[in-house]
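Peer 1: Show me how the following folds:
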Amino acid sequence: MNDLQAIGDRDGWRCWLCDEVVDPDLSTNDDRGPSVDSRITKKKAKNKSKAGSPESTRERLAHRACNTGKGGVEAVVPWADDLFVVDPAPILPTIERLARKGGREAMARCPGADDAEQAAAWLIDRVSRLYPSLDVEADIEPGGGQFVLVLRAR
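Peer 2: Numbers count the residues shown, from 1 in each chain. Down below sits the predicted model:
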């Protein structure tokens, strides 16, 4: 078994950047084909001698186009298009902070309770795949006619 196969199996053949299915049978030269992204955080890049968390340095499965489009810059994991969220927080920096320091962070505002519930369920699922070792829960706090989605490290 090669590295790509092992990484694909571990990641469930889903692109860690766009969260869509990666077809293992496509050519690695195809934009929707599989590739391996060796994600390194800014902290890890500044001090390569320090051991980072497994999530900060591990190789992850990505579509070739997603990986190439990201290039050498810090990755941005987008919120799902079908969610109704306002002022969404950037996902990766927020969960990296929660993994380091714990605590809680406001992730987005939602106009309705149902919207907040959908966003919370999606976010918990997404975080569980991005940072499997980080145990988080989502709280929905009403206020000012809106609902604030808060992510808390347990």
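
Peer 1: And the next helix or strand past whichever helix or strand residue 129 is part of?
Peer 2: Taking DSSP states H and E as the definition, residue 129 sits inside helix 113-130. Counting by DSSP H and E, the element after helix 113-130 in chain order, helix or strand, is strand 136-143.

Peer 1: quick one on the thing from earlier: buried set for the helix holding residue 129?
Peer 2: By 16 or more other C-beta atoms under 10 Å, the buried positions in helix 113-130 come out as 115-116, 118-120, 122-123, 126-127, 130. (C-beta placed from N, C-alpha, C; glycine too.)

Peer 1: can I get those in TSV with pLDDT and distance to residue 25?
Peer 2: Formatted as TSV, those follow (pLDDT from 0 to 100; distance: C-beta to C-beta, whole Å):
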residue	pLDDT	distance to residue 25
115	97	37
116	97	39
118	97	33
119	97	33
120	97	35
122	96	28
123	96	31
126	92	26
127	92	29
130	86	25
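
Peer 1: if we can go back for a sec, got a list of contacts for the helix holding residue 129?
Peer 2: With C-beta atoms under 8 Å, 6 or more residues apart in numbering as the test, helix 113-130 has contacts from 11-12, 14, 16, 19, 55, 77, 79-80, 83-85, 91-92, 95, 107-108, 110, 134, 136-138, 140, 142, 147-149, 151.

Peer 1: Would you map out the domains in the protein?
Peer 2: Using automatic domain parsing, the domains assigned to the chain come out as 3-70, 91-153.

Peer 1: Quick one: end-to-end length of the shortest one, please.
Peer 2: In domain 91-153, first residue to last residue: 14 Å (C-alpha to C-alpha, to the nearest Å).

Peer 1: All the strands of this protein, in order from the start?
Peer 2: Using DSSP state E, the strands of the chain run over 34-38, 59-63, 104-110, 136-143, 146-153.

Peer 1: If I take the last one and strand 104-110, what angle do their directions form?
Peer 2: Which is strand 146-153. 150 degrees (axes from the mean of the first three to the mean of the last three C-alpha atoms, to 10 degrees).

Peer 1: Name the strands paired with strand 146-153 and say parallel or antiparallel.
Peer 2: The pairing partners recorded for strand 146-153 under DSSP bridges are strand 104-110 (antiparallel), strand 136-143 (antiparallel).

Peer 1: Please identify the most buried of these.
Peer 2: Each of those was scored by mean neighbour count; the highest is strand 104-110, a mean of 19, by mean count of other C-beta atoms under 10 Å.
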